[in-house]
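**Student:** need a 3D model of the following:
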Amino acid sequence: MPTGRQTIGGREYVYEYVSVWNREKGRSEQRREYLGRIIDGEFVPNKKWLLKQELQEEKAVNKRGPKAVHDCKRTFAGATYLLDKIGEVTGVTRDLEACFGARYKEILSLAYYLILEQGAPMYRFSKWATTHEHPFEKDIPSQRSSELLPLMTEQRKMEFLRRQAKRRPEKEYLFFDSTSISSYSEQLKQVKYGKNKDGDNLAQINLALLLGQESGLPAYYRKIPGNITDVMTVEKILSGIDYLDIQKVMLVMDRGYYSESNVNELYRKHCKFILGAKVSLKFVQKLLSEQRTDFDRHENFHGESELFIHTKMIDWAYHETKKTGEDVNEKRRMYVHIYYNDQHATDDKIRLNKMLVSLEEDMRSGKPLSVEREKTCRKYYSVTQTPVRGISLTPKQETINEARKNFGFFVLLSNGEKDPVEALRIYRAKDLVEKAFLDLKDRLSLRRTSVASEENLEGKIFLQYIALIYLSYIKREMDSAKLFKNHSMQSLFDHLDVIELYQQPGHSPYFGEITHKQRALFEAFNIQPPS
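**Tutor:** Next comes the predicted model:
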């Protein structure tokens, strides 16, 4: 393209002409893009020009089609071959390429490394890359990976999530939960002290995750400041989901996300939901007071789940204040599913009795109590103390009875699922998201942030999210094929990772020997074994 120079304020700038189409005028026009400056007679390019050149070089290197082999090479390729095929089936490879251009292979290679080298730090990628076949095919030094992370902009990441959402089933419930990620860093803005779900006495950020019920794959994630409670995250998550353009949003959440405002927001967004709720809620207690004495009638017993079940449809008092200031008050349909497990009720009573006995022993012995334990003692006992008789404890029986009356009950709310058994089945499958958090923290090393800048943290979490898609797919297929009877995920990787790929000048690459057991593993994933 033609280039030119212009002196502004005593500085000489270099620019190029770029043709652009003006839709309004219906014609092609030219604009100038600055490339850098002339300093002491030398051209000094700006960052934008350098990045553009690097992307062009990478695109040339990463062109599709066979590449000439110049040296004899032997690498482990069985496990990465499996990941290649999963990337094709899930559309991850194509979507990453569409969103990140020539850099997508680096992202894939780093994700492969996180998957296959459990808990390994990023700086050891170079050692792994010398012995393994992977999409980028070259080393990614620690400095280059640090430069790559900030390039994963919010726009590109959200576009990837949107493309992936279109590949999911049109109608599936999305399990929603969050976890805490501890951090020692004082430089990250969203690292705050809050309720740490791992019990660490550290500041944290929170990570919210959506995972599909049918697909078993993660659908969305969001990083949240560490001092934001679960109940406050729902509205922000719903705003993020809007961009994914999911036609029918159906959420499953535990009772930590219940609040009147959250339920109203779910109705406002026209979301279907299954939501856990506390038995102590006033409208639940009202329903229980009507049914409690007859709840364990045989007609309420469901044999398969071994629970007593009762469902009541109620009118939810929906409220919304519009931007115009207008208040909207309407009635919306809601199903209240109440479940009772008499064995759990008995276990809870035994647990309460043991706790009360322990409190009595501690109080009479004069042992110092924690603030929380002292508060519990005052709740269940009237405590008096005299010089002669010492400490006297009188149980508050009405309070104890009040606690006991809710034992064994739990509640689900739904505006879409009127069958209590189906609602329970879907809700219980929510442990998939808990398992996904364990994979993120244990296999993908996300128990600590381990980065010093916001950009690197964002990029690292996105990498780990990509890796989680692969792990979730593998778990789903292993479960479907009943592979977990004889294999763990690690043993699966170990069996496949030993398959070698040979590359020699003048010859097409070929795989080494593949055993019957290895072939069977590929076929369990409906993947043609390498040849």
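**Student:** ok, the residue nearest to the spatial centre of the chain - contacts?
**Tutor:** Residue closest to the average C-alpha location in the chain (Cα atoms, centre = their mean): Leu209, at 3.1 Å. Residues in contact with Leu209, defined by Cβ atoms under 8 Å, 6 or more residues apart in numbering, are Phe176, Asp177, Ser178, Thr179, Pro218, Tyr220, Tyr221, Val433, Ala436, Phe437. (Glycine included, C-beta is placed from N, CA and C.)
**Student:** show me what it is bridged to.
**Tutor:** Leu209 has these beta-bridge partners by DSSP bridges: Asp177, Tyr221.
**Student:** where do the domain boundaries of the chain fall?
**Tutor:** With domains defined by automatic domain parsing, the chain comprises 3-45, 344-404.
**Student:** quick check: closest non-adjacent residue to His132.
**Tutor:** Phe76 (5.1 Å; Cβ to Cβ, 6 or more residues apart in numbering).
**Student:** give me the number of residues near Phe511?
**Tutor:** 16 (other Cβ atoms under 10 Å).
**Student:** name the element the nearest residue to it once chain neighbours are set aside belongs to?
**Tutor:** Nearest residue to Phe511, sequence neighbours excluded (Cβ to Cβ, 6+ apart): Pro530, at 4.5 Å. Here Pro530, judged by DSSP states H and E, is contained in no helix and no strand.
**Student:** could you pull up the residues touching Pro530?
**Tutor:** Here Pro530 is in contact with Ala77, Gly78, Tyr81, Ile499, Phe511, Ile514, Phe522 (Cβ under 8 Å, 6+ apart).
**Student:** of all those residues, which comes closest to Asn353?
**Tutor:** The nearest member of these to Asn353, counting by Cβ to Cβ, is Phe522 at 55.7 Å.
**Student:** just checking, that closest one touches His516?
**Tutor:** No: assessed by Cβ atoms under 8 Å, Phe522 is found out of contact with His516, at 11.0 Å.
**Student:** neighbour count winner among the two?
**Tutor:** Shown here are Phe522 and His516; by other Cβ under 10 Å, Phe522 has more neighbours (19 against 7).
**Student:** got the phi/psi numbers for that one?
**Tutor:** Note on Phe522: its backbone torsions stand at phi -60, psi -40 [degrees, to the nearest 10].
**Student:** which is the next helix or strand following the helix-or-strand element of the chain with minimal mean pLDDT?
**Tutor:** For the chain, using mean pLDDT, DSSP states H and E, the weakest element among its helices and strands is helix 47-61, scoring a mean of 60. Next helix or strand after helix 47-61 toward the C-terminus (DSSP H and E): strand 73-76.
**Student:** point out the other helices and strands that that following strand packs with.
**Tutor:** strand 500-503 (3 or more Cβ pairs under 8 Å, 6 or more residues apart in numbering; DSSP states H and E).
**Student:** pull up the pairing partners for the strand it packs on, direction included.
**Tutor:** Here, using DSSP bridges, strand 500-503 pairs with strand 73-76 (antiparallel), strand 510-511 (antiparallel).
**Student:** and these as a markdown table, adding distance to Thr90?
**Tutor:** As requested, those are arranged in a markdown table below (distance: least, Cβ to Cβ, whole Å):
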| stretch | distance to Thr90 |
| --- | --- |
| strand 73-76 | 23 |
| strand 510-511 | 23 |
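**Student:** tell me the most buried of these?
**Tutor:** strand 73-76 (a mean of 16; mean count of other Cβ atoms under 10 Å).
**Student:** please enumerate residues in contact with the following helix or strand past it?
**Tutor:** Next along the chain after strand 73-76, taking DSSP H and E as the criterion, comes helix 78-90. Identification of contacts with helix 78-90 by Cβ under 8 Å, 6+ apart yields 92-94, 108, 112, 115-116, 132-135, 164, 167, 217, 469-470, 473-474, 493, 496-500, 511, 514, 518, 522, 525, 527, 530.
**Student:** out of those residues, which are buried?
**Tutor:** 92-93, 108, 112, 115-116, 132-135, 164, 217, 469-470, 473-474, 493, 496-497, 499-500, 511, 514, 518, 522, 525, 527, 530 (16 or more other Cβ atoms under 10 Å).
**Student:** show me those residues that map onto helices.
**Tutor:** Residues of these located in helices (DSSP state H): 92-93, 108, 112, 115-116, 164, 469-470, 473-474, 493, 496-497, 518, 522.
**Student:** which two among those are spaced furthest apart?
**Tutor:** Gln164 and Gln518 (29.5 Å).
**Student:** pLDDT weak spots in the stretch 401-531 of the chain?
**Tutor:** 448-455 (pLDDT under 70).
**Student:** what's in contact with the helix or strand containing Ser289?
**Tutor:** Here Ser289 sits within helix 282-291, counting by DSSP H and E. With Cβ under 8 Å, 6+ apart as the test, helix 282-291 has contacts from Ala277, Lys278, Val279, Phe295, His310, Lys312, Ile314, Val336, Ile338, Asn406, Phe409, Val411.
**Student:** so how far is it off the chain centroid?
**Tutor:** How far helix 282-291 lies from its chain's middle: 35 Å, per Cα atoms, centre = their mean, to the nearest Å.
**Student:** which stretches of the stretch 351-500 of the chain form strands?
**Tutor:** With DSSP state E, counting those that start in this stretch applied, the stretch 351-500 of the chain shows strands at 381-386, 390-395, 409-414, 500-503, listed in chain order.
**Student:** buried set for the second one?
**Tutor:** It refers to strand 390-395. Quick answer for strand 390-395 (16+ other Cβ under 10 Å): Leu393.
**Student:** one more: stretch 164-172?
**Tutor:** Gln164, Ala165, Arg168, Glu172.
**Student:** now swap in stretch 283-300 and tell me
**Tutor:** Buried, per 16+ other Cβ under 10 Å, within stretch 283-300: Val284, Leu287, Leu288, Phe295, Asn300.
**Student:** cool, and stretch 213-229?
**Tutor:** Of the residues in stretch 213-229, those buried (16+ other Cβ under 10 Å) are 213, 215-228.
**Student:** what's the closest non-adjacent residue to Arg163?
**Tutor:** Per Cβ to Cβ, 6+ apart, closest to Arg163 is Asp95, 4.3 Å.
**Student:** quick one: Met363 and Leu108, what's the gap?
**Tutor:** Distance from Met363 to Leu108, counting by Cβ to Cβ, to the nearest Å: 61 Å.
**Student:** same thing with Lys25?
**Tutor:** From Lys25 to Leu108 the distance is 42 Å (Cβ to Cβ).
**Student:** could you do Val231 as well?
**Tutor:** 37 Å.
**Student:** need the helices for the stretch 251-400 of the chain, in chain order.
**Tutor:** With DSSP state H, counting those that start in this stretch as the criterion, the stretch 251-400 of the chain has helices at 260-268, 282-291, 342-365, 371-380, 397-404.
**Student:** so for Thr386, which of those sits nearest?
**Tutor:** helix 342-365 (13.5 Å).
**Student:** pLDDT below threshold where in this structure?
**Tutor:** 1-3, 40-45, 47-70, 183-202, 226-228, 388, 448-455.
**Student:** ok, back up a step: the residue nearest to Arg163: neighbouring residues, count only.
**Tutor:** Neighbours of Asp95 (other Cβ under 10 Å): 21.
**Student:** please apply the same query to the one 10 residues further on.
**Tutor:** Using other Cβ under 10 Å as the criterion, Lys105 is surrounded by 21 other residues.
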